[in-house]
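> dropping the sequence and predicted coords here.
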Amino acid sequence: MGRKPTKNAEPTADLRTYTIRDYRLEKPSFTLRQVRTGDELHYEVESGDLSVPAPPIRESKYLSREQCIEIYRWMLLNRRMETALENLYKQGKVVGGVYFGLGQEACSCASAYALHKDEWLGPMIRNQGALLVRGFSPADIMMQYMAKSGSPTKGRDASSHFGDIKERNVVAPISTLGDLIPVLAGIALGARLQGKNIAVMTYIGDGGQSTGVTYEGLNFAAVQRLGLVLMVENNLWGYSTPADMQFRVKDLAERAIAYRIPGVIVDGTDACQVYDACHEACERARRGEGPTLIEAKMMRMKGHAIHDAAEYVPKPLFEYWRKRDPIARLEDYLVHKKKWLSANENHVLIADVERQLEADREFAVNSPMPTPESAAGGVYCEAGCHQVRPKYAVPKVRGGKAEGPKKTEAAVHLK
Ligand SMILES: Cc1ncc(C[n+]2csc(CCOP(=O)(O)OP(=O)(O)O)c2C)c(N)n1
Ligand SMILES: [Mg+2]
């Protein structure tokens, strides 16, 4: 008689195991099914219990009361500004479209909050909260959408293609998904060549992470041990394509294994989890140990942009994620669980955010459009009109500092 096969075989020498850190207090596991009826196509939730109540906020290992309240304030400002933008669009004051990060405010604000002032951010369209944290005002962003002369691009662009490489260390995104990743890695390399390891952060969606440049950029950062913090915003939709039809891995954090870097999963609607994971990734970056991939799970609570009513999203999914509203959850945590804000202090804070937003909205609406004569200004470079100075200048160190066993190889690549 042969040996009875064991059901749960012990790991053997030919079986490798990997670790993915998962910060979440709940792990939703529903899947979507594509249903065709004639020419019509729609999605249904196939399995999973959507009636479960939202989990509590996970206690932060690092955030103080003041910092938690500050992040909450940024998130409120983020949301109120987007509501104002929606109204401005409906009043015909916005030139072009508007993109929203509804439901993603914790991911945007708490991630950017983990960066130091002299570090760098590359935002994507849903990270307007991150722009606020980095020092752009709501008026800047609203003027940008209205193409006003006082906007960051002086009315030359009417959406998210702006940054500030002088003061705020924000790289202007272009639309091509994933292209910020090698750019941010390059900034970390530039800093390394100056002899310092910094954290740099950028974002990519569940759709955008499929691009080749995402692989190239992250692999380069991994090989060179550059301090890139890549936030993979898994909001379940890329335009109208559900995440289930975009990739086969269970969690996008698993991608990290292939780069041999840490992969972490957080609940993107829990600001404390987002901050803690980002803080740890930034600290690792500052120690010169290389990049981290953080997958933030949440849902895009509006369409791709204002023109998209998101009819293809099954209604029960909206109900499920509405119960996980990042602002309502953090508010409940601050007011009821921690009692860090009294009900009155909370009202005062909200009123203050609304006052600031209204003042910025007024200012943005009343500011002038660019003059027709100025249209070509700043678009074409005339000899001597401006200078592009490299922030990190010429290399001061050869090879840079790379920790760990691959030290020599990493240094060779930098020559
Ligand atoms: C390389 C590239 N391919 C396609 C597009 C067009 N496009 C813009 S946004 C988008 C969907 C992005 O989905 P996801 O990455 O999940 O981000 P989300 O909008 O959900 O934040 C697509 C396909 C693009 N901008 N760049
Ligand atoms: Mg998406």
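Sure, I can see it. Ligands and ions are numbered 1, 2, ... in the order given.

> how about the helices in the protein?
65-90, 105-112, 128-133, 138-145, 180-193, 212-224, 255-259, 271-286, 315-322, 326-332, 343-366, 407-414 (DSSP state H).

> show me where pLDDT drops low in the chain?
Scanning the chain for pLDDT under 70 picks out 1-11, 382-384, 386, 388, 398-415.

> can you list the residues of it near ligand 1?
Neighbours of ligand 1 within the chain, by CB under 6 Å from any ligand atom: 126, 175-177, 205-208, 211, 233, 235, 237-239, 300, 304. (C-beta placed from N, C-alpha, C; glycine too.)

> circling back to that earlier point, now the helices of the chain as CSV including mean neighbour count?
Below are the helices of the chain laid out as CSV (neighbours: other CB atoms under 10 Å):
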stretch, mean neighbour count
helix 65-90, 20
helix 105-112, 32
helix 128-133, 28
helix 138-145, 24
helix 180-193, 23
helix 212-224, 20
helix 255-259, 19
helix 271-286, 24
helix 315-322, 16
helix 326-332, 21
helix 343-366, 14
helix 407-414, 14
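
> does residue 147 touch residue 162 like I think?
No. Between residue 147 and residue 162 there is no contact under CB atoms under 8 Å: 11.4 Å.

> just checking: which of the residues of the chain next to ligand 1 also lie near ligand 2?
205, 206, 235, 238 (CB under 5 Å from the ion).

> so who does the first one touch?
This points to residue 205. Contacts for residue 205 (CB atoms under 8 Å, 6 or more residues apart in numbering) come out as 124, 126, 177, 232, 233, 234, 235, 238.

> cool, residue 290 as well?
Taking CB under 8 Å, 6+ apart as the criterion, residue 290 is in contact with 221, 222, 224, 225, 226, 227, 228, 261, 284, 402.

> wait, residue 31 touches residue 244, no?
Yes. Assessed by CB under 8 Å, residue 31 is found in contact with residue 244 at 5.6 Å.

> what about residue 81, distance to residue 205?
From residue 81 across to residue 205, the span is 21 Å (CB to CB, to the nearest Å).

> let me see the contact set for residue 150.
Residue 150 touches 143, 367, 368, counting by CB under 8 Å, 6+ apart.

> how many other residues sit next to the nearest residue to residue 145 once chain neighbours are set aside?
Nearest non-adjacent residue to residue 145, counting by CB to CB, 6 or more residues apart in numbering: residue 94, 4.9 Å away. Look at residue 94: counted by other CB atoms under 10 Å, it has 21 neighbours.

> residue of the stretch 101-250 of the chain with the smallest distance to ligand 1?
At 2.2 Å from ligand 1, residue 205 is the closest residue in the stretch 101-250 of the chain, using CB to the nearest ligand atom.

> give me the beta-bridge partners of that residue?
Note on residue 205: beta-bridge partners by DSSP bridges are residue 233.

> for it, give its distance to residue 198.
Distance of residue 205 to residue 198, given as CB to CB: 25 Å.

> okay, now the closest residue to residue 116 other than its chain neighbours: neighbour count?
Leaving aside its sequence neighbours, residue 116 sits nearest to residue 199 (CB to CB, 6+ apart; 7.2 Å). By other CB under 10 Å, the residues close to residue 199 number 28.

> neighbour count: residue 31 and residue 244, which is higher?
Between residue 31 and residue 244, counted using other CB under 10 Å, residue 244 has the larger neighbour count: 16 against 12.

> correct me if wrong: the more buried one contacts residue 29.
No. Counting by CB under 8 Å, residue 29 is not a contact partner of residue 244; they are 11.5 Å apart.

> contacting residues around the spatially closest residue to residue 342 that is not a sequence neighbour?
Counting by CB to CB, 6+ apart, residue 335 is the residue found nearest to residue 342 once chain neighbours are left out, at 7.5 Å. Residue 335 makes contact with 341, 342, 343, 346, according to CB under 8 Å, 6+ apart.

> run the last query once more with 10 Å
Residue 335 makes contact with 72, 341, 342, 343, 345, 346 under the criterion CB atoms under 10 Å, 6 or more residues apart in numbering.

> taking the stretch 201-350 of the chain, what residue is nearest to ligand 2?
Residue of the stretch 201-350 of the chain nearest ligand 2, by CB to the ion: residue 205 (3.7 Å).

> about what we covered before: need the contacts of residue 205 in JSON lines (columns: neighbour count).
Listed next are those as JSON lines, based on neighbours: other CB under 10 Å:
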{"residue": "124", "neighbour count": "23"}
{"residue": "126", "neighbour count": "24"}
{"residue": "177", "neighbour count": "20"}
{"residue": "232", "neighbour count": "26"}
{"residue": "233", "neighbour count": "27"}
{"residue": "234", "neighbour count": "27"}
{"residue": "235", "neighbour count": "22"}
{"residue": "238", "neighbour count": "20"}
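
> reformat those residues as a markdown table; add distance to residue 101.
Below are these laid out as a markdown table (distance: CB to CB, whole Å):
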| residue | distance to residue 101 |
| --- | --- |
| 124 | 9 |
| 126 | 4 |
| 177 | 16 |
| 232 | 15 |
| 233 | 9 |
| 234 | 14 |
| 235 | 9 |
| 238 | 15 |
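
> residue 157: which of the residues you listed is nearest?
Distance to residue 157 across the contacts of residue 205 (CB to CB) is lowest for residue 124, with 15.1 Å.
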